[in-house]
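Q: model this:
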Amino acid sequence: MRKAMAFTFGAVLGGILGGLTALLMAPSSGEKLRSSILKQIDQIQIEIKDAANKKREELEHQLDELIKSE
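A: Next comes the predicted model:
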C-alpha cells in the first residue's frame, strides 16, 4: 500500500512538473501555439483530401478498365 501511494504521488507530481515545464519552455504564447497547430491541422486535412481524391480517381479509372475488358 505504501509503495502504491508513493508511486501515485510521484506520478501526479511528475505530471504537474512536466506540464509546468512545457508551459514555461514553450517558444510562443498559448494563443499563437494553438493558431499554429490549427493551421497545420487544416493543411494536413487538405493534403489527405487531395490524396484521397487522387486515389479515388485512379481506382475509378482501373474499374472502368476492368469493366471494358469484360
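Q: What count of nearby residues applies to residue 52?
A: By other C-beta atoms under 10 Å, 10 other residues sit near residue 52. Backbone N, C-alpha and C define where each C-beta goes, glycine included.
Q: Does anything pack onto the one helix or strand it maps to? Which helices or strands?
A: According to DSSP states H and E, residue 52 maps onto helix 30-69. Contacting helix 30-69 under the criterion 3 or more C-beta pairs under 8 Å, 6 or more residues apart in numbering; DSSP states H and E is no other helix or strand.
Q: what separates it from the chain centre, distance-wise?
A: 15 Å (C-alpha atoms, centre = their mean, to the nearest Å).
Q: Please spell out which residues along it are buried.
A: Residues of helix 30-69 classed as buried: none (neighbour count, 16 or more other C-beta atoms under 10 Å).
Q: average model confidence for it?
A: Average pLDDT, helix 30-69: 91.
Q: heads up, I number from 653, so please use that
A: In the new numbering, first residue 653, that becomes helix 682-721.
Q: Centre-most residue in this protein?
A: residue 693 (7.5 Å; C-alpha atoms, centre = their mean).
Q: Next one: that residue from residue 701, what distance?
A: According to C-beta to C-beta, to the nearest Å, residue 693 and residue 701 sit 13 Å apart.
Q: ok, now residue 714?
A: 20 Å.
Q: Over to residue 679. Which of the three states is it?
A: coil (DSSP: H, G, I helix; E, B strand; the rest coil).
Q: got the contact list for stretch 686-694?
A: Applying C-beta atoms under 8 Å, 6 or more residues apart in numbering, the set of residues contacting stretch 686-694 from outside is residue 680.
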